[in-house]
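>>> A predicted structure for the sequence below; I have some questions about it.
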Amino acid sequence: MEMVNITIDTRKIQVPKDYTVLEAARYANIDIPTLCFLKDINEIGACRMCVVEIKGARSLQAACVYPVSEGLEIFTQTPKVRESRKVTLELILSNHDKKCLTCVRSRNCELQKLAEELNIKDIRFEGETHEYAIDDLSPSIVRDPNKCVLCRRCVNMCKNIQKVAVIDTNDRGFKTIVGSAFEKPLAEVPCINCGQCINVCPVGALREKDDTDLVWEALANPDLHVVVQTAPAVRVALGEEFGMPIGTRCTSNMIASLRRLGFKKVFDTNTAADLTIMEEVTELVGRIKNGGKLPVITSCSPGWIKFCEHNYPEFLDNLSSCKSPHEMFGAVLKSYYAEKMGIDPSKVFVVSIMPCTAKKFEAKRPELSANGYPDVDVVLTTRELARMIREAGIDFNELPERHFDDPMGEATGAAVIFGATGGVMEAALRYLIELLEGKPLEKVEFESVRGVDGVKEVTLNVAGMEIKAAVAHGTGNAKKLLDKMKRGEAQYHFVEVMACPGGCVTGGGQPIQPSQVRSWIDLRTERAKAIYEEDESLPLRKSQDNPFIKKLYEEYLEHPGSHKAHDLLHTHYTARENYPEDE
Amino acid sequence: MSSNNCCCGIVDEKARKLQEIIENHKGQKGALIPVLHEAQDVYGYLPMSVQKTISEGLDVPLSEVYGVVTFYTQFSLKPKGRFKINTCMGTACYVKGSNLILEKLQEKLGIHVGDCTEDGKFSLEACRCIGACGLAPVIMINDDVYGRLTPDDIEKVLEKYKDL
C-alpha cells in the first residue's frame, strides 16, 4: 500500500494513500466526533459534525469524506472547528424532541453522547420544531420522525445493502423527512421487517414495537402456563447490554435471568432447530430423489420470506415448507408438550426471545397456528429481554449457573450455528451427508460456508452425487444470487438465505452498537466466533443425534416428513403485491 | 400497470406515451428526472400509478422516485387544471399586494394554493418572480400574463375563461 505523509494537530504521521482524514485521525488516536458516518454504509459528509481545518482549504471540511494526500496539514481542535461543531449540534438539537428520559435509546444514543462530549450546556436556537405522527402500525418496527436527525443511515442500509428500498428522504429543506413513498406507513409498503434500519439508527427514531407489557401481563396471570424459548444468537449478544465484551457467551446468565422473571420453563429454540434440520433435509432428499423443485431454499428467516413473497414470487415453490424453528417449537409446545404435561393448550403461553424484529410479524401470520392457537404468542427481541431484566432489577452479571429445562432442553451444536450465516447450511450438510452415505460423518466442520463473504458456494461429492449449495446473507446478496439463478447462470440443490447481513447474530433485534464501535469492529465475525465456540463445546454436534428429537419422532411425529409432522411443522407462502393502489 | 386497465381511450393513449418515454430513456444514467418531466407533460401531474410505472420501467425504487418528485417543486402530485393560474409572489409583486390577489383567487375559485377546482378547469399556484416586475403585481394563466392587478380585477379576468 502506497503511503503519504501528513500532519495532524502538529503530529507527523504516515498513512495509506486511500485513507480519509477520519481514518487517519483514528490511526493517530485522535477522536473526531461523527454523527451520520457509518463505515461502508453511510459515508456522505452530511451532518458536518466531523469538520476539521485543512491548511489551504477555503472552508472547514468533513473528515469522513476528505481524502488524505501528500503533505496534508489537518487541525482537528481549533476554536473555529470547535465552535462550528457546537453550532451544528445545537441546530440539530433545536429541532429534536429531546425526550431523553423516556427514550428507548437513552444512554445508548449517539446524539446524547455528542451533546455530552461537546459540553453542550444550552441550546441557543429556539427555532420551529416538527410534530410528526409516529408510525407504529407495523408489528415489528416503530418510526418516530420527531427524533430523526436525517443522517440517512437507515435509508442507505435499506436501499443499498438490503435492496429493500422502502424508505428515502422525502420533500426538502426544513420539511425533509425520512419516510416511505406517498408517506405510507411501513405496514403498507414492501418492508421486510428486518430491522437493520433500527440497528444503524444513531438515535431513537427507529425502534422495535415493544411487546414487554404483554409478557409482564401473561407472567402475572395465574391461569397461564408461560414458557419461553431463546434463539441461538441471543446468548452471544445479550451480555453486551450488561457491559460484557462483544462476543461473550452468556447462556447460563440468560437462562437464570429468565427463571427469575418467572417463566415456568426455559427452553432452547435450538431443539427446534434440530427438528428443522430433520424436516428440511428430508424435504431436500425427497425433492432430489423425486425430481421435485430445486434448489430448496431455507425458510428460517422471516425477513427473507417476506422479501421473496414481495420480489421473487417465482421462487416461492423453492422455499422449504418448514416453519421457522421457533414456530415449530411453539407448535410442539402447544400439542406434544401440553398433552404430556396435562395442560390445556389454550393455557400454554409461548414467548420467543429472538434476535429479530421480523419474527414479530411472522408470529402474527394466520397460517402459523395449529389446532386454532397461534404457535407463538409474543416475540421479544434481545433488547426487549434486556429491558425486562433491568426492569426486574436482576443483576445479570451475578447469577447462579443454570441449564435449559427438560424435557426439551437438549440441543446439538448443529442447532447453535443457525445463528451465523452459513450455519443452517452446515447443520444440514451434517445430516444430509450422513443420510446419503449411510455412515457416520467424521469431520463435521464445513469452513467453506462460514465467514462473511456475501455469497458463498460449495460443491460436495456425496455418495457419488455432486451436491451444489450456496449461502447468501443480507437480502441485497440474496437478490444477486436469485438474479443469477433466474438468468440460468447457476444451479444448486440447496440454498440458505438469511435476511440480515451476518445472519441472526447481527439481526435487527440484537443489541445496538454505535457507529464508533461497529465502523471498526466486525460484529458479524465477533459474535459468530462465540457461536462456533458454543458448537465446539457441545457433546453432540449433529441434529440427528439429538435424543429428544429421536424420542419426539418415536412418541409423536412418527418420522420426518410424516403427515403429522406436516400438519404441525410445515407452512405455505403467498405472493404479496408491492404498493397496492388505493386511488 | 394499472393505468392500462382503463376502458377510456385517452388514458390508454397516455399510458402508451408513458411507455414510449420510459423506453427512450431506459438504461441512461440520470434517466429519472427527464422521464418525470416528460411524464408530467403527458399527465399534467404524477400520480402513484404513473410513479409506479416509472419505478418498474427504470428499475428505480418507488421510494426514490417519490423522494425526487417531492424534492422538486416543479413536480406535482396533484392534477393541474386546464388553466393553470400562477400568482407571482416575487419581491416586487409582493410589495404591490400580490398576497391580496392570491387571497381573492382562492376565494373566487374556492380552492387553496396547490389545488385544482373540482371540474378540472383551474388550478392555482404561487410562484417566485416571473420576470415581469414592471407590471407588478402579475398573474399568469397558462401563457397569458395579467399585470397591474387589483383584487377587484380578478372577477373580470376569470370571466374571460367562462365559456372556454
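Looks like it arrived, so ask away. Just so we're clear, the structure is a prediction, and the values are computed from it rather than from any experiment.
>>> from residue B:24, how far off is residue A:441?
The gap separating residue A:441 from residue B:24 is 58 Å, by CB to CB, to the nearest Å. Quick note: C-beta positions are derived from backbone N, CA and C, even for glycine.
>>> looking at these two, which one has more neighbours?
Between residue A:441 and residue B:24, residue A:441 has the larger neighbour count (other CB atoms under 10 Å in any protein chain shown), namely 16 against 12.
>>> separation between that one and chain B?
Look at residue A:441 and chain B: by CB to the nearest CB, to the nearest Å, they are 44 Å apart.
>>> enumerate every residue touching the closest residue to residue A:391 other than its chain neighbours.
Computed as CB to CB, 6 or more residues apart in numbering or on different chains, the closest residue to residue A:391 that is not its neighbour in sequence is residue A:212, at 7.6 Å. Residues in contact with residue A:212, defined by CB atoms under 8 Å, 6 or more residues apart in numbering or on different chains, are A:380, A:384, A:387-388, A:391.
>>> in strands, which of those residues fall?
residue A:380 (DSSP state E).
>>> what about the contacts of residue A:212, which one has the most neighbours?
residue A:380 (26 neighbours).
>>> that one against residue A:388, yeah?
Yes. Using CB atoms under 8 Å, residue A:380 is in contact with residue A:388, at 7.5 Å.
>>> shouldn't residue A:294 be within a helix?
No. Secondary structure of residue A:294 (DSSP: H, G, I helix; E, B strand; the rest coil): coil, not part of a helix.
>>> chain A contacts on chain B?
B:2, B:47-49, B:51-52, B:61-67, B:70-71 (CB under 8 Å from any CB of the partner chain).
>>> please identify which pair of the residues you listed lies farthest apart.
B:2 and B:71 (24.6 Å; CB to CB).
>>> just give the number of residues close to residue A:520.
Residue A:520 has 10 nearby residues by other CB under 10 Å.
>>> thinking again about what came up before, list only buried entries from the residues of chain B next to chain A.
B:2, B:47-49, B:51-52, B:61-67, B:70-71 (16 or more other CB atoms under 10 Å in any protein chain shown).
>>> what does the pLDDT read for residue A:527?
Residue A:527 carries a pLDDT value of 97.
>>> I'd guessed it sits against residue A:245; true?
No. Counting by CB under 8 Å, residue A:245 is not a contact partner of residue A:527; they are 11.0 Å apart.
>>> ok, those two, which is more surrounded?
Neighbour count, other CB under 10 Å: between residue A:527 and residue A:245, residue A:527 has more, with 28 against 8.
>>> residues contacting that one?
Residues near residue A:527 by CB under 8 Å, 6+ apart: A:233, A:236-237, A:246-247, A:419-420, A:502, A:505-506, A:510.
>>> also residue A:470?
A:295, A:455-458, A:481, A:490, A:492, A:494-496 are the contacts of residue A:470 under CB under 8 Å, 6+ apart.
>>> now do residue A:198
Residue A:198 touches A:141, A:206-208, A:357, A:508, A:512, counting by CB under 8 Å, 6+ apart.
>>> for chain A, give me its nearest residue in chain B.
Proximity of chain B to chain A (CB to the nearest CB) peaks at residue B:61, 3.5 Å away.
>>> avg pLDDT for the helix or strand where residue A:496 lies?
Secondary-structure assignment from DSSP states H and E places residue A:496 in strand A:494-498. The average pLDDT within strand A:494-498 is 98.
>>> what is the mean pLDDT for the helix or strand following that strand?
For strand A:494-498, the succeeding helix or strand toward the C-terminus, using DSSP H and E, is helix A:515-518. Helix A:515-518 carries an average pLDDT of 95.
>>> what does helix A:515-518 rub up against?
A:34, A:37-39, A:110, A:153, A:200, A:202, A:246, A:523.
>>> now, among these, which is nearest to residue A:81?
residue A:34 (13.6 Å).
>>> how many other residues sit next to the closest residue in space to that closest one that isn't next to it in sequence?
Nearest non-adjacent residue to residue A:34, counting by CB to CB, 6+ apart: residue A:50, 4.8 Å away. Residue A:50 has 27 neighbouring residues, counting by other CB under 10 Å.
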